[in-house]
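Engineer: could you work out the structure for the sequence below:
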Amino acid sequence: MAPQTLVLQADADRGIRRHGREAYPHECCGALIGRDHVVTEALALPNSTDEGPRRRFLVRPVDYLVAERRAAALDAELIGFYHSHPDSRARPSQYDLDHAWPAFAYVIVAVERSTPRALTSWRLREDRSAFEEEPVAVEHD
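Structural biologist: Residues are numbered from 1 along each chain as shown. Sure, this is the predicted structure:
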């Protein structure tokens, strides 16, 4: 079965890329809010890692709750999360794999010298052994 396409509304795509640019050279992170594989809002969240924000990100439980509440207020769902890879590829790392949850989309934007470039989306396999890339489409204004 072919993977379903994750659709980013234009404002969500711009928000992810802007957050990546503003956070550079650190990783940014946030929540993907929407419904039925359509992201209507990219909610910026603080990167709360203690491991060094240049190569890691952490969404604290309290920020996860903020995202859940925002989704509920919009009569939407928490579809997944996004983060940036400064001066690296838009592919999940082993750290990303080790900390991923099933059923969520994981969008990664590569940011090279403060310029957002490639943007990809990934889903964790049910057996948690690896990610599978899913197509991404941007719905323009």
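
Engineer: give me the beta-bridge partners of His83?
Structural biologist: Cys29, Ile108 (DSSP bridges).

Engineer: looking at it, it is touching Leu58, isn't it?
Structural biologist: No - with contact defined as Cβ atoms under 8 Å, His83 and Leu58 do not form a contacting pair (9.8 Å). C-beta here means a position set from N, CA and C on the backbone, and glycine is covered the same way.

Engineer: which one of those two has more residues nearby?
Structural biologist: His83 (24 against 17; other Cβ atoms under 10 Å).

Engineer: contact partners for the more buried one?
Structural biologist: If you count contacts by Cβ atoms under 8 Å, 6 or more residues apart in numbering, His83 has them with Glu27, Cys28, Cys29, Gly30, Asn47, Phe57, Asp96, Tyr106, Val107, Ile108, Val109.

Engineer: dump those residues to JSON lines, plus pLDDT and neighbour count.
Structural biologist: As requested, these are exported to JSON lines (pLDDT from 0 to 100; neighbours: other Cβ atoms under 10 Å):
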{"residue": "Glu27", "pLDDT": "92", "neighbour count": "23"}
{"residue": "Cys28", "pLDDT": "94", "neighbour count": "25"}
{"residue": "Cys29", "pLDDT": "95", "neighbour count": "24"}
{"residue": "Gly30", "pLDDT": "97", "neighbour count": "27"}
{"residue": "Asn47", "pLDDT": "87", "neighbour count": "21"}
{"residue": "Phe57", "pLDDT": "78", "neighbour count": "25"}
{"residue": "Asp96", "pLDDT": "93", "neighbour count": "19"}
{"residue": "Tyr106", "pLDDT": "97", "neighbour count": "23"}
{"residue": "Val107", "pLDDT": "98", "neighbour count": "27"}
{"residue": "Ile108", "pLDDT": "98", "neighbour count": "25"}
{"residue": "Val109", "pLDDT": "98", "neighbour count": "22"}
